[in-house]
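>>> model this:
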Amino acid sequence: MPLPTTLTVVPFTPASTATSSSTVFTEKIIVTGDISHSSFHRAKEVAQAAAKLPNITTEFHALPQTAYTLRRHALQSSYSNLHASLFPHTLIELHSTTTTTHKLVNRTRKTEAKTTKKLLNVADLVTYAEGKNVAMPKATGDDVATKEHTRFLKSLGNPVVKIGFEAENADGNGEFEPLGRDVLIELFAETCPKTTRHFLQYVDGGQGGMSYLGSGVSRVVKGGWIECGEIRGPDGQLRTGNVLEDENFIHPHDPYTLHLIPSSSGPHTSTTPFMITTAAMPCFDKRYVAFGRVLEGLETLLAINGIECIHERPTRGIRIRDIEQWKEE
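The predicted model follows:
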């Protein structure tokens, strides 16, 4: 058989070589904010309008003030420009993803995705939406924030207590003035029913006329906790309420949680004094009963924490000027 006179060389093509590629660009707008503030609801409206465009999705996190503040703090490791002063009530994350799919000669596909993240405030979000010719919704007022805030508090299914504090004037004239906004505290009635009922009887003044109203802040541990709730009679003598056994230790002592303070006698000796943590206190877990969390009023607690103390005792009087269960108006 004669040998061929010509030789055709076919170049080797690796199986992984792409024959074609396609690219898709998507964006996700994540709005996180204080549900009681109008800026969150404005950002939500703008994001929803932008999401009518193709390849844009949204995600919303409506939180009470305390949870928003803690969430913002947790995100600081991801964004170098996340300063509290720039995002006091609402922050928006814009995730832009480019996904490229390569079709290979062996009929398989290889997908590569690259995501960039950017932090926006409400004004930035509006500019972003206008740049895409989004039909901007009419701005809502504070009434929407109030309505959504009320709906949120009702949805908790637990009692919410509102506490107003006041502090003695710095000039020492003995007069008191309101200290910040009211502090709202959710009580964990479902998991700690006995402790919740015990606390509420001193909120409502139904235990022999004993009430937290007018009781003072007795101790401030900077970066730790605030103690109050010692009830005194007209003669100034300390009045002891019913003694409560420790109900359970289900809830951890995260920042801004509420628990009763046992006496120095040890476990199962709580009466009226209570404590609000201003930082995580894991050393209290399995020792004290946490039965509530602060929803709002962090600036008030920070103001109390900032008052000058000597040996953890405030140099100015701080007391509860108003306390009641929250009710829908």
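
>>> could I get the pLDDT score of residue 47?
pLDDT recorded at residue 47 is 97.

>>> in the protein, which residue is most central in space?
Nearest to the mean C-alpha position of the chain, counting by Cα atoms, centre = their mean, stands residue 67 at 0.7 Å.

>>> you'd agree that one is in a helix?
Yes - the assignment for residue 67 (DSSP: H, G, I helix; E, B strand; the rest coil) places it in a helix.

>>> that one and residue 238, how far apart?
As for residue 67, its distance to residue 238 is 35 Å (criterion: Cβ to Cβ, to the nearest Å). For every residue, glycine as well, the C-beta is placed using N, CA and C.

>>> what do you get for residue 114?
Applying Cβ to Cβ, the value for residue 114 to residue 238 is 65 Å.

>>> can you give me the helices for this protein?
Applying DSSP state H to the chain gives helices spanning 38-50, 65-74, 122-131, 142-155, 193-204, 298-306.

>>> winner for burial among the ones you listed?
Burial of the helices of the chain is given as mean neighbour count (mean count of other Cβ atoms under 10 Å); helix 38-50 ranks first at a mean of 22.

>>> which non-adjacent residue is nearest the residue nearest to the centre of the chain?
residue 295 (7.8 Å; Cβ to Cβ, 6 or more residues apart in numbering).

>>> that neighbour and residue 66, how far apart?
6 Å.

>>> just residue 152 next, same as before
Here the criterion is Cβ to Cβ. By it, residue 152 lies 13 Å from residue 66.

>>> same question for residue 302.
Applying Cβ to Cβ, the value for residue 302 to residue 66 is 11 Å.

>>> cool, and residue 279?
Distance from residue 279 to residue 66, counting by Cβ to Cβ: 13 Å.

>>> what residues are shared contacts of the two?
Counting by Cβ atoms under 8 Å, 6 or more residues apart in numbering, the residues touching both residue 279 and residue 66 are residue 255.

>>> tell me, how many residues neighbour residue 180?
By other Cβ atoms under 10 Å, 17 other residues sit near residue 180.

>>> now do the phi/psi pair for it.
Here is the backbone geometry of residue 180 (degrees, to the nearest 10): phi 70, psi -170.

>>> so it touches residue 305, yeah?
No - between residue 180 and residue 305 there is no contact, the gap being 11.3 Å when judged by Cβ atoms under 8 Å.

>>> shared neighbours of those two, which are they?
Applying Cβ under 8 Å, 6+ apart, one finds that no residue jointly contacts residue 180 and residue 305.

>>> any chance of the helices of the chain in a markdown table, with distance to residue 285 too?
Output for the helices of the chain, formatted as a markdown table (distance: least, Cβ to Cβ, whole Å):
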| stretch | distance to residue 285 |
| --- | --- |
| helix 38-50 | 32 |
| helix 65-74 | 18 |
| helix 122-131 | 38 |
| helix 142-155 | 27 |
| helix 193-204 | 16 |
| helix 298-306 | 21 |
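
>>> among those, which is nearest residue 284?
Smallest distance to residue 284 across the helices of the chain (Cβ to Cβ): 14.4 Å, for helix 193-204.

>>> what packs against that closest one?
Helix 193-204 sits against strand 160-168, strand 183-187, strand 257-260, strand 290-296, strand 318-325, with contacts defined as 3 or more Cβ pairs under 8 Å, 6 or more residues apart in numbering; DSSP states H and E.

>>> in the sheet, which strands lie alongside the longest one, parallel or antiparallel?
Looking at strand 160-168 with DSSP bridges, its partner strands are strand 176-178 (antiparallel), strand 183-187 (antiparallel), strand 318-325 (antiparallel).

>>> again, but for the fourth one
Paired neighbours of strand 290-296 in the sheet (DSSP bridges): strand 183-187 (antiparallel), strand 257-260 (antiparallel).

>>> relative to the whole chain's centre, how far out is it?
The chain centre lies 11 Å from the centre of strand 290-296; the measure is Cα atoms, centre = their mean, to the nearest Å.

>>> so what touches it?
If you take Cβ under 8 Å, 6+ apart as the criterion, strand 290-296 is touched by 36, 64-67, 153, 160-161, 181-188, 191-192, 195-196, 199, 247, 249-254, 256-260, 276, 284, 301.

>>> CA atoms of that strand as CSV?
Coordinates of each C-alpha in strand 290-296 appear next as CSV, following Å, rounded to 0.1, in the frame of the first residue of the first chain:
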residue,chain,number,x,y,z
ALA,A,290,-32.6,37.5,81.5
PHE,A,291,-36.3,38.2,80.6
GLY,A,292,-36.4,41.2,78.3
ARG,A,293,-34.5,43.2,75.6
VAL,A,294,-34.3,46.9,75.0
LEU,A,295,-36.0,47.9,71.7
GLU,A,296,-35.4,51.6,71.7
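
>>> brilliant, that's me finished.
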